[in-house]
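J.: Task: produce atomic coordinates for the following.
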Amino acid sequence: MLKGKLVSVRTMEAADLAEVKAINDDPGVRGNVVGWGWPNSAAEMERWHAGSQGGGTHRWIVEDDENRVIGVTGLWDVDWQSRNALTALKLGGVHDVRGRGLGTDAIKLVMAFAFYDVGLIRLHSSILTTNRASLKAYVDKCGWSVEGTSREHVWRHGKFVDLHQVGILKQDFDRLPDAEDYITLVTGRP
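T.: Below you'll find the predicted structure:
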């Protein structure tokens with residue numbers, strides 16, 4: 001388990017799937033993310049979980065300070081030769097979590113882990129241009145850069161929406177004012 005300033009991140013277990021389904025079914029989440037465009041049944045969630053662990057895929061649960069499941073994150077498509085991976089964060093479900101810095105904490109915790117424990121040098125993701133909360137968290141608060149835009153790439157809310165390709169290098173993370181705090185939280189080294 002990784003412990004941040006506000007959240008913890010741990011391996012996803014089959015017992016978490018009801019909470020993950022609640023996040024997936026949250027219209028506020030579904031309408032703002034690239035994947036998970038429709039609700040899934042419990043059986044579909046079980047198949048998804050069974051086929052998604054190990055190799056280059058690592059899915060994790062985000063918990064708040066009351067040990068409530070509030071989100072899903074992880075590393076996907078880990079490229080060991082080029083030392084990069086895809087990451088994302090989905091917060092929501094039955095708990096009101098927005099606007100409290102929980103997402104920013106989770107993002108920085110995953111970055112510190114990826115860069116200082118796993119040994120990656122680059123992380124990347126995709127964010128809908130209409131998803132202001134994610135853009136604010138990743139780009140404004142966590143040091144990510146918009147590296148490109150795929151025009152009219154995703155159908156959401158009755159129209160096509162552009163998709164930003166975002167990324168961060170380890171050296172960009174290191175320049176964040178609180179990077180050392182997160183490195184210490186992950187590695188235990190001051």
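
J.: rest of the way, CA atoms for contacts and neighbours
T.: Noted.

J.: the strands in this structure, which residues?
T.: 2-3, 8-11, 58-63, 69-79, 84-91, 122-128, 145-156, 159-169 (DSSP state E).

J.: wait, which of those strands is closest to Ala22?
T.: Between Ala22 and the strands of the chain, the shortest separation by CA to CA is 9.6 Å, and it involves strand 69-79.

J.: re the thing from before, want to try TSV for the strands of the chain, with mean neighbour count and distance to Gly103 as columns?
T.: Below are these laid out as TSV (neighbours: other CA atoms under 10 Å; distance: least, CA to CA, whole Å):
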stretch	mean neighbour count	distance to Gly103
strand 2-3	18	13
strand 8-11	20	11
strand 58-63	22	9
strand 69-79	21	9
strand 84-91	22	7
strand 122-128	22	14
strand 145-156	15	17
strand 159-169	18	16
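
J.: Quick one: the ones you listed as TSV, columns for mean pLDDT too.
T.: Below are the strands of the chain laid out as TSV (pLDDT from 0 to 100):
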stretch	mean pLDDT
strand 2-3	96
strand 8-11	96
strand 58-63	93
strand 69-79	94
strand 84-91	95
strand 122-128	97
strand 145-156	94
strand 159-169	96
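
J.: Can I get these in a markdown table including distance to Gly101?
T.: Shown next, in a markdown table, are the strands of the chain (distance: least, CA to CA, whole Å):
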| stretch | distance to Gly101 |
| --- | --- |
| strand 2-3 | 15 |
| strand 8-11 | 13 |
| strand 58-63 | 13 |
| strand 69-79 | 13 |
| strand 84-91 | 11 |
| strand 122-128 | 18 |
| strand 145-156 | 19 |
| strand 159-169 | 19 |
